[in-house]
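**Q** sequence first, then the predicted structure:
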Amino acid sequence: MLRASVIVFPGSNCDRDVKVALERTVGANVSMVWHNDASVPASDIIVIPGGFSYGDYLRCGAMAAHSAIMRDVVAKAKAGTPVLGICNGFQIVTEAGLLPGVLMRNESLRFTCRDVHLKVEQTDTVFTNAYSKGQVIKVPIAHAEGNYFTSPETLARLEGEGRIVMRYCDRTGKIDQAANPNGALANIAGICDERRRVVAMMPHPERMYEEALGGSDGRGVFESAVGSLVG
Amino acid sequence: MKARIKITLKNGVLDPQGKAIQSALGSLGFSGVNDVRQGKYIEVELAENNEAAAKDAIERMCKDLLANTVIENYSYELVA
């Protein structure tokens, strides 16, 4: 059975959704871990969920990235435990230095909450191996700061190493500015680390894991974690 | 000792908030506003009275937390 830990910060608001999604899609055994705890229990994966940790004070994710629990999350990630960051979790893992870049204010300046299409470009990560390469999936976004930015050197490195896991596209898979909901560099919706074990994405797979929610394209993220475990 | 810290976006980093402020200034009739960049101002009161030690602490605070050096620059002055 997949053992998952979901980190809960003051202001997290997708933590329980992630727990339920993990339980219903792959029958995971989920521990909720409070931000003040010193360590994460033994887990196959760690999920940093969405929300507004610490009220987005200073910068989104900045305070959470320096909380007590994140020291252990970073240590465990470096030791090889897969980490999934979703939305605010993406902002937190970049601030914590697990992934490069930063999520800036949306180009529109607006909080944007709607379904978007994503092209899954990399399927050799812990959280995308259940998809087929180039598959177009529909998952919702809900953020005001999802505008991915990094230096030209880092972008070139991410491209060269095949670390751009998902990009915003239209329903046919076309990647262009019209399909970019927030101004993100190169339509980046999700990236991974060198070892393809730390993955972060702005869209919310936990909000699209069964037909009753309007679609089930997000469940592949959780099924992938199990696939990696068995593999 | 007090530190007055300014955090600004690096050149070349898009500042949509600055752009929105610029356009609002324009719609209020302030003409000739060529550009607006928005930043942060933070005051930190330090127990430290040694200037070199205070500088060292502020540098680390800026790098570790107050600024995200991927997109932001910081500068500061120390006042007694």
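**A** Perfect, I can see it now.
**Q** contacts and neighbour counts: CA atoms only from here.
**A** Fine.
**Q** which residues are in contact with residue A:13?
**A** The neighbours of residue A:13, taking C-alpha atoms under 8 Å, 6 or more residues apart in numbering or on different chains as the test, are A:49-52.
**Q** roughly how far apart are the closest residue to chain B within chain A and residue A:147?
**A** Closest contact between chain A and chain B, by C-alpha to the nearest C-alpha, is at residue A:107 (5.9 Å). Residue A:107 sits 7 Å away from residue A:147, going by C-alpha to C-alpha, to the nearest Å.
**Q** give me the common contacts of these two.
**A** If you check residue A:107 and residue A:147 against C-alpha under 8 Å, 6+ apart, the residues they both contact are A:182-183.
**Q** which one's more surrounded, those two?
**A** residue A:147 (23 against 20; other C-alpha atoms under 10 Å in any protein chain shown).
**Q** what pLDDT is listed against the nearest residue to the more buried one once chain neighbours are set aside?
**A** Sequence neighbours aside, residue A:184 is the residue nearest to residue A:147 in space, at 4.1 Å (criterion: C-alpha to C-alpha, 6 or more residues apart in numbering or on different chains). Residue A:184 carries a pLDDT value of 97.
**Q** over to residue A:32?
**A** Reported pLDDT for residue A:32: 98.
**Q** for it, grab the count of nearby residues.
**A** 16.
**Q** so it makes contact with residue A:5?
**A** Yes - Residue A:32 lies in contact with residue A:5 (C-alpha atoms under 8 Å); the separation is 5.8 Å.
**Q** hmm, back to that, got the contact list for the residue nearest to residue A:147?
**A** A:106, A:146-149.
**Q** and the strands in chain B?
**A** B:2-9, B:40-45, B:72-79 (DSSP state E).
**Q** what's the closest of those to chain A?
**A** strand B:40-45 (9.0 Å).
**Q** so the closest one versus strand B:72-79, what angle?
**A** Inter-element angle recorded for strand B:40-45 and strand B:72-79: 40 degrees (by axes from the mean of the first three to the mean of the last three C-alpha atoms, to 10 degrees).
**Q** residue A:119: neighbour count?
**A** 25.
**Q** before we move on, back to that, highest neighbour count among the contacts of residue A:184?
**A** Most surrounded of those: other C-alpha under 10 Å gives residue A:146, at 29 neighbours.
**Q** how many residues are close by the closest residue to it other than its chain neighbours?
**A** Excluding its sequence neighbours, the residue lying closest to residue A:146 (C-alpha to C-alpha, 6+ apart) is residue A:103, at 5.1 Å. Residues lying near residue A:103 (other C-alpha under 10 Å) number 26.
**Q** so how far is residue A:102 from the residue nearest to residue A:147?
**A** 10 Å.
**Q** so which residues on chain B come close to chain A?
**A** B:16-17, B:65-66, B:68, B:70-71 (C-alpha under 8 Å from any C-alpha of the partner chain).
**Q** what about the helices in the chain?
**A** No chain specified, so I'll use chain A. A:15-26, A:62-65, A:68-78, A:88-95, A:152-160, A:219-230 (DSSP state H).
**Q** think we crossed wires, I meant chain B
**A** B:16-27, B:51-61.
**Q** so the lowest-mean-pLDDT helix or strand in chain A versus helix A:15-26, what angle?
**A** None of the helices or strands of chain A scores lower by mean pLDDT, DSSP states H and E than helix A:219-230, at a mean of 90. Counting by the same axes, to 10 degrees, helix A:219-230 lies at 70 degrees to helix A:15-26.
**Q** packing partners of helix A:219-230?
**A** Where contact means 3 or more C-alpha pairs under 8 Å, 6 or more residues apart in numbering or on different chains; DSSP states H and E, helix A:219-230 is packed against helix A:15-26.
**Q** in terms of secondary structure, what does the helix it packs on contact?
**A** strand A:3-8, strand A:29-34, helix A:219-230.
**Q** mind putting the ones you listed into a markdown table with distance to residue A:61?
**A** Output for the helices and strands packed on helix A:15-26, formatted as a markdown table (distance: least, C-alpha to C-alpha, whole Å):
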| stretch | distance to residue A:61 |
| --- | --- |
| strand A:3-8 | 13 |
| strand A:29-34 | 16 |
| helix A:219-230 | 22 |
